[in-house]
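> Okay, structure incoming, though there's no sequence with it:
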């Protein structure tokens, strides 16, 4: 439930606009195996980030798409994403720099995973070089 999670992402040869990728955290386990709830942190190919909470498949925006100079935009780029969660506090990091923080107590624990979203690019690809997590005491 209290953690630091990081992943290294590399976009493929075609990447534009709001094509995106990132992490979902504190996702409650589901008997069906479908993940429909949790906190989602995304980077887009145009150098933006967003954060939302997913509740049974419904999206509740926490931070709409916002430009960050620390996120490398475009195809064939590598970005590191880090998410720190302790109690109801969260921090989002891009390439080692803190870019956003918020508080929300809806989900106190759960699974984590990867997300990808293709809005503009057919066969959008993102490579994941590394995922690492640490439990926070």
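Arrived safely, thanks for sending. Keep in mind the model is a prediction, meaning the values are calculated, not measured.

> So residue 85 is in contact with residue 3, correct?
Yes. In this structure, residue 85 is within contact of residue 3 by C-beta atoms under 8 Å, at 5.5 Å. Every C-beta, even on glycine, is put in place using the N, C-alpha and C of the backbone.

> Let me see the contact set for residue 57.
36, 37 (C-beta atoms under 8 Å, 6 or more residues apart in numbering).

> And the pLDDT for it?
Turning to residue 57, the model gives it a pLDDT of 91.

> now do residue 88
97.

> Contacts only, for it.
103, 104, 105.

> picking up where we left off before, any residues in contact with both of residue 85 and residue 3?
What both residue 85 and residue 3 touch, as defined by C-beta under 8 Å, 6+ apart, is the set 25, 136.

> coming back round to it: nearest to residue 63 among the contacts of residue 88?
Ranked by distance to residue 63 (C-beta to C-beta), those are led by residue 104 at 11.0 Å.

> Share the number of residues neighbouring the closest one, please.
Neighbour count of residue 104, defined by other C-beta atoms under 10 Å: 15.

> that older thread, who has more neighbours, residue 85 and residue 3?
For residue 85 and residue 3, the more surrounded residue by other C-beta under 10 Å is residue 85, and the numbers stand at 22 against 16.

> Name the SS class of the more buried one, please.
strand (DSSP: H, G, I helix; E, B strand; the rest coil).

> beta partners for it?
Here residue 85 sits in beta bridges with residue 3, residue 90, going by DSSP bridges.

> Please determine how far residue 82 is located from residue 17.
For residue 82, the distance to residue 17 equals 24 Å [C-beta to C-beta, to the nearest Å].

> ugh, typo on my part, it should be residue 98
25 Å.

> mind checking pLDDT for the closest residue to residue 73 other than its chain neighbours?
Of all residues not flanking residue 73 in the chain, residue 47 sits nearest, at 3.4 Å (C-beta to C-beta, 6 or more residues apart in numbering). The model reports residue 47 with a pLDDT of 97.

> and residue 47, how many neighbours?
Neighbourhood size, residue 47 [other C-beta under 10 Å]: 19.

> repeat for residue 80
Using other C-beta under 10 Å, residue 80 has 19 other residues around it.
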